[in-house]
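Trainee: Here's a sequence, model it:
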Amino acid sequence: MRGAEVALEGVGLAYGSFWAVRGIDLDIRPGEFFSLLGPSGCGKTTILRLVSGFVEPSEGVIRIAGRDVRGVGPAARPTSLVFQNLALFPLMKVWENVAFGLEVRGVPKAERRRRAEELLELVALPGFADKRVDELSGGQRQRVAIARSLAVEPQVLLLDEPLSALDLKLRQHMRAELKAIQRRTGVTFVYITHDQGEALTMSDRVAVMSQGRIEQVGTPAEIYDAPATAFVASFVGESNPVPGRVRESGGGFVTLETALGPLRARDPRGLATGSPAILIVRPERCRLDGAGEADAVDNRVEGRIERVDFEGAFANLLVASPAGPGLVVQLANDGRLAGLAAGAPVTVRFPPEAALALPEGPLARE
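Mentor: Purely as a prediction, here's the structure:
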């Protein structure tokens, strides 16, 4: 098996006057694990349905392996779909589930059985061929569904939030399993999720969506460390957004006038003096005075601890400021958390290099 390129050029889908998605330009590379990430209703599943052929675009072109697939139905496309609910057949044996697509295509039974056992080996389920589906765990059923989708030798495997029904530990395990399967097969994976952890862990690249449009495409590190918009910054990972106005700029940095006082940040967009902007700093890049070496150019915000949320390996401190928005500070559990309690006055600091100034824009609500 090998993966195919998927290209969307100016793709849109309208239902009457409502555009579910519009202006979608994507180039998914052969053999890539590509994720579409966004909140519910942003249009990511619509793109999956467009690529699979279950709906036709109102505008634009979709190409798979260089072929324009407009008018080509789902069965004739080199794609296969793993549904959110898996849709396995409970009365069939595992190998019969895996080989169902081959049976529909008229493949002889002996060949179907051989191919099913090969695929069960591929997804780390050797010896499971004659078990019933109801004898399997959730993760094992997940792998059977993937094996069934791979049986028809797709060039593109489309996965619609396949891990959403699993518990946290199993989800984390299956992330590694899915990535390993994709690497072994070389098939192009297009993965739909609203879980940023899944997207960042598994993907070669990620497209972040909002309200039917793509906000940014990049590697997981690019999406997290260099978000292009306020929405991406607030949706992917935790963030502290501080609105303000550009007071001065130069040398790749700006100083924003904010309710917390003047704050300095990186300026990748070249913001104009006087323009409204939003400063973004991640909780893990914030520190408290006295926790390590302080730098004279660090931004500093005075406040008082309002709440300490202990999460084992780390704790999140909500620091309230009488001057403006509160800040969340994430600290490692290194033995120094015991002295931090609600009501204690603290100074939050972070270097300008750790903060990002972006044009004013909507923030994620989820």
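
Trainee: What lies in contact with the helix or strand in which Leu150 is found?
Mentor: Using DSSP states H and E, Leu150 sits in helix 138-151. Helix 138-151 has contacts (CB atoms under 8 Å, 6 or more residues apart in numbering) with 1, 80-83, 86-88, 94, 97-102, 115-116, 119-120, 122-125, 128, 133, 136, 157, 162-163, 165-167, 170, 173-174, 177-178, 181, 185, 187. C-beta: built from backbone N, CA, C; applies to glycine.

Trainee: Try it again at 6 Å.
Mentor: Contacts to helix 138-151, defined as CB atoms under 6 Å, 6 or more residues apart in numbering, come from residues 80, 82, 86, 94, 97-98, 101-102, 119-120, 123, 125, 157, 166, 170, 174.

Trainee: so is Arg247 in a helix, a strand, or just coil?
Mentor: Put simply, Arg247 is strand when judged by DSSP: H, G, I helix; E, B strand; the rest coil.

Trainee: Would you enumerate the residues in contact with it?
Mentor: Residues in contact with Arg247, defined by CB under 6 Å, 6+ apart, are Thr255, Glu257.

Trainee: Met202 now?
Mentor: Shown in contact with Met202 (CB under 6 Å, 6+ apart): Phe33, Arg175, Lys179.

Trainee: buried residues in the helix holding Leu150?
Mentor: Residues of helix 138-151 classed as buried by neighbour count (16 or more other CB atoms under 10 Å): 139-151.

Trainee: quick one, phi/psi of Glu360?
Mentor: Per-residue torsions, Glu360: phi -60, psi 140 (degrees, to the nearest 10).

Trainee: Check the gap between it and Phe231 for me.
Mentor: To Phe231, Glu360 is 11 Å away according to CB to CB, to the nearest Å.

Trainee: Please enumerate the strands of the stretch 1-150 of the chain.
Mentor: 6-15, 18-28, 33-37, 59-64, 67-68, 79-82 (DSSP state E, counting those that start in this stretch).

Trainee: list the helices and strands the second one packs on?
Mentor: Spelled out, that is strand 18-28. If contacts are counted by 3 or more CB pairs under 6 Å, 6 or more residues apart in numbering; DSSP states H and E, strand 18-28 sits against strand 6-15.

Trainee: The strand it packs on: partners in the sheet, and parallel or antiparallel?
Mentor: Using DSSP bridges, the strands paired with strand 6-15 are strand 18-28 (antiparallel), strand 59-64 (antiparallel).

Trainee: Dump that strand to CSV, keeping only the CA atoms.
Mentor: What follows is strand 6-15, C-alpha atoms only, in CSV (Å, rounded to 0.1, in the frame of the first residue of the first chain):
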residue,chain,number,x,y,z
VAL,A,6,-5.0,14.9,-1.6
ALA,A,7,-5.5,18.5,-2.9
LEU,A,8,-8.4,20.8,-2.3
GLU,A,9,-8.4,24.0,-4.3
GLY,A,10,-11.0,26.7,-3.4
VAL,A,11,-13.4,24.1,-2.1
GLY,A,12,-16.7,25.2,-0.6
LEU,A,13,-20.0,23.5,0.3
ALA,A,14,-23.2,25.5,0.7
TYR,A,15,-26.6,24.4,2.1
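
Trainee: sorry, back to before: can you name the two of the contacts of helix 138-151 that sit furthest apart?
Mentor: Longest distance between any two of the contacts of helix 138-151 is 28.3 Å, between Leu102 and Leu170; criterion CB to CB.

Trainee: Name the residue in these two with the higher neighbour count.
Mentor: Remark: of Leu102 and Leu170, Leu102 carries more neighbours, 20 against 16, as counted by other CB atoms under 10 Å.

Trainee: and the more buried one, what does it touch?
Mentor: Contact partners of Leu102, counting by CB under 6 Å, 6+ apart, are Arg112, Ala151.

Trainee: Lys131 too?
Mentor: Contact analysis of Lys131 by CB under 6 Å, 6+ apart lists Val94.

Trainee: Backbone dihedrals for it, please?
Mentor: Dihedral angles (degrees, to the nearest 10) for Lys131: phi -80, psi 160.

Trainee: Now do the same for it: its pLDDT.
Mentor: pLDDT for Lys131: 92.

Trainee: so how far is Arg336 from it?
Mentor: Where Arg336 is concerned, Lys131 sits at a distance of 51 Å (CB to CB).

Trainee: again with Gly139
Mentor: Distance, Gly139 to Arg336, by CB to CB: 38 Å.

Trainee: Among the buried residues of helix 138-151, which one sits closest to Pro74?
Mentor: Pro74 has its nearest neighbour among the buried residues of helix 138-151 in Ser149, at 12.5 Å by CB to CB.

Trainee: Not counting sequence-adjacent ones, nearest residue to that closest one?
Mentor: Distance criterion CB to CB, 6 or more residues apart in numbering; nearest residue to Ser149, sequence neighbours excluded, is Ser80 at 4.0 Å.

Trainee: Assess the claim that the one you found and Pro154 are in contact.
Mentor: Yes: Ser80 lies in contact with Pro154 (CB atoms under 6 Å); the separation is 3.8 Å.
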